[in-house]
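[1] Below is the structure, and that's it, no one-letter string:
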DNA sequence: CAACCGTGGGC
DNA sequence: TGCCCAAGGTT
């Protein structure tokens, strides 16, 4: 099973591997060219729960600005967070910087899966992926793609997430000892382009002859998943203020932990169920409540945000005046509030 | 270990 | 339009 499955998959990958900014082509790898571990690590962290299309521009900007791990390790925290703004899951950016500094101090990336796993922001998947792709070590790489492909190959009917340990064992059965880096990337490409969540293209699949789910006609139904909880509704208020004397904006850096941790934003109320809570404005001013509201959905709740604006020279109780503020450094929900408010400031 | 943690695109 | 989803990690 393993031998012929991997053989068919790798033959397809040799002919159809996608060209990606961080990837070494199978032809180059066959010549002995190895990828830069820094670029593999950076791409894998960016790709956690994030699509290739969303990552590409961020990856190119990061590697242009910080070409190696030493350069990234020397970067200012706020610069890295600003460059990550909009990509989401901001703990990744904080861990990225901590990891870069640990690796730079150590003189390079660990060359074992266990060593990689000990790094901040590097879990079981990412450690295995770096080991396989950057170092061609025979790690068992299991991500969402591999779970989906494997569940179909074996027609595994147990729902996720309970089926995860079984799927990991089955994925290990499929994994060859030869070409682990190309094999891992081939599974990703297969999952991303052919063995997709909906409407899998079984008719052109290079491993259709190995697939039990295709034979049973249930490929599109797998993997089965436990039902998800509904997202509750929350509400809050943000205050956007400008100081006329120098054009500075009132900005609050959010706490390191929790939602949007370490990112800049506008001060405001907590975000709670049951309507916006009573809240004292961050400074005393004649606040204007804007028509309309910001709608945004996070991983586990919907948010409705009221936006209030003012111009003032007062000393803030919350946040600080920042003349160097750039809206490009904002996380998306704050960017939406900015987009609603910015036109109103033209008269100021 | 279940809950928490973003965002944009596809259907 | 609302829901599902995407190369998961941390606590």
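    Okay, I see it. What you are looking at is a predicted structure, and each value in this text was computed from that prediction instead of being measured. Numbers count the residues shown, from 1 in each chain, chains lettered A, B, ... in the order given.
[2] For the rest of this, base every contact and every neighbour count on C-alpha atoms.
    OK.
[3] how long is stretch A:146-161 from one end to the other?
    With C-alpha to C-alpha, to the nearest Å as the measure, stretch A:146-161 spans 14 Å from end to end.
[4] Residues contacting it, please?
    Under the criterion C-alpha atoms under 8 Å, 6 or more residues apart in numbering, residues A:164, A:167-168, A:170-171, A:187-188, A:191, A:195, A:197, A:210-214, A:218-219, A:222-226 lie in contact with stretch A:146-161.
[5] Now the buried members of those residues.
    A:167-168, A:170-171, A:187-188, A:191, A:195, A:197, A:210-214, A:219, A:222-224 (16 or more other C-alpha atoms under 10 Å).
[6] Close to DNA strand C as well: tell me which of those residues qualify.
    A:188, A:191, A:197 (C-alpha under 7 Å from any atom of the strand).
[7] got a markdown table for these, with pLDDT and secondary structure too?
    Shown next, in a markdown table, are these (pLDDT from 0 to 100; DSSP: H, G, I helix; E, B strand; the rest coil):
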| residue | pLDDT | secondary structure |
| --- | --- | --- |
| A:188 | 96 | helix |
| A:191 | 97 | helix |
| A:197 | 95 | coil |
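[8] For DNA strand B, state which of those residues is nearest.
    Of all these, DNA strand B sits closest to residue A:197, with 9.8 Å by C-alpha to the nearest atom of the strand.
[9] Let me see the contact set for residue A:119.
    A:99, A:102.
[10] Let me know the pLDDT of residue A:118.
    Here, the pLDDT recorded for residue A:118 equals 98.
[11] Next: residue A:255.
    Reported pLDDT for residue A:255: 95.
[12] how close does it get to DNA strand C?
    Per C-alpha to the nearest atom of the strand, to the nearest Å, residue A:255 is found 14 Å from DNA strand C.
[13] Kindly report the same for residue A:235.
    The value you get for residue A:235 to DNA strand C, if C-alpha to the nearest atom of the strand is used, is 16 Å.
[14] Surely that residue is in contact with residue A:276?
    Yes: assessed by C-alpha atoms under 8 Å, residue A:235 is found in contact with residue A:276 at 4.8 Å.
[15] which stretches of the stretch 201-348 of chain A form helices?
    Ranges of helices in the stretch 201-348 of chain A, per DSSP state H, counting those that start in this stretch, are A:212-216, A:332-341.
[16] Just send these back as a markdown table, with distance to residue A:311 too.
    What follows is the helices of the stretch 201-348 of chain A, written out as a markdown table (distance: least, C-alpha to C-alpha, whole Å):
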| stretch | distance to residue A:311 |
| --- | --- |
| helix A:212-216 | 63 |
| helix A:332-341 | 12 |
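[17] between the ones you listed, which one is nearest to DNA strand B?
    Among these, helix A:332-341 comes nearest to DNA strand B, with 3.5 Å by C-alpha to the nearest atom of the strand.
[18] sorry, back to before: can I get the helices of the stretch 201-348 of chain A in CSV with distance to DNA strand B?
    What follows is the helices of the stretch 201-348 of chain A, written out as CSV (distance: least, C-alpha to the nearest atom of the strand, whole Å):
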stretch, distance to DNA strand B
helix A:212-216, 20
helix A:332-341, 4
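[19] Return the most buried member of those helices.
    The highest average neighbour count among those, using mean count of other C-alpha atoms under 10 Å, belongs to helix A:332-341 at a mean of 18.
[20] mean confidence for it?
    pLDDT averaged over helix A:332-341 gives 97.
[21] list the helices and strands it packs on?
    strand A:233-243, strand A:294-297, strand A:302-311 (3 or more C-alpha pairs under 8 Å, 6 or more residues apart in numbering; DSSP states H and E).
[22] chain center to the longest one, what's the gap?
    The reference is to strand A:233-243. Between the centre of strand A:233-243 and the centre of its chain there are 26 Å (C-alpha atoms, centre = their mean, to the nearest Å).
[23] helices or strands next to that strand in the packing?
    Partner elements for strand A:233-243 (3+ C-alpha pairs under 8 Å, 6+ apart): strand A:248-253, strand A:302-311, helix A:332-341.
[24] nearest to residue A:46, of these?
    helix A:332-341 (16.6 Å; C-alpha to C-alpha).
[25] quick one: that closest one to chain centroid distance?
    For helix A:332-341, the distance to the chain centre is 21 Å (C-alpha atoms, centre = their mean).
[26] Run through who's touching it.
    By C-alpha under 8 Å, 6+ apart, helix A:332-341 touches A:85-86, A:238, A:240, A:265-266, A:290, A:294, A:296, A:305, A:307, A:309, A:327-328.
[27] between those, which is nearest residue A:121?
    residue A:85 (17.5 Å).
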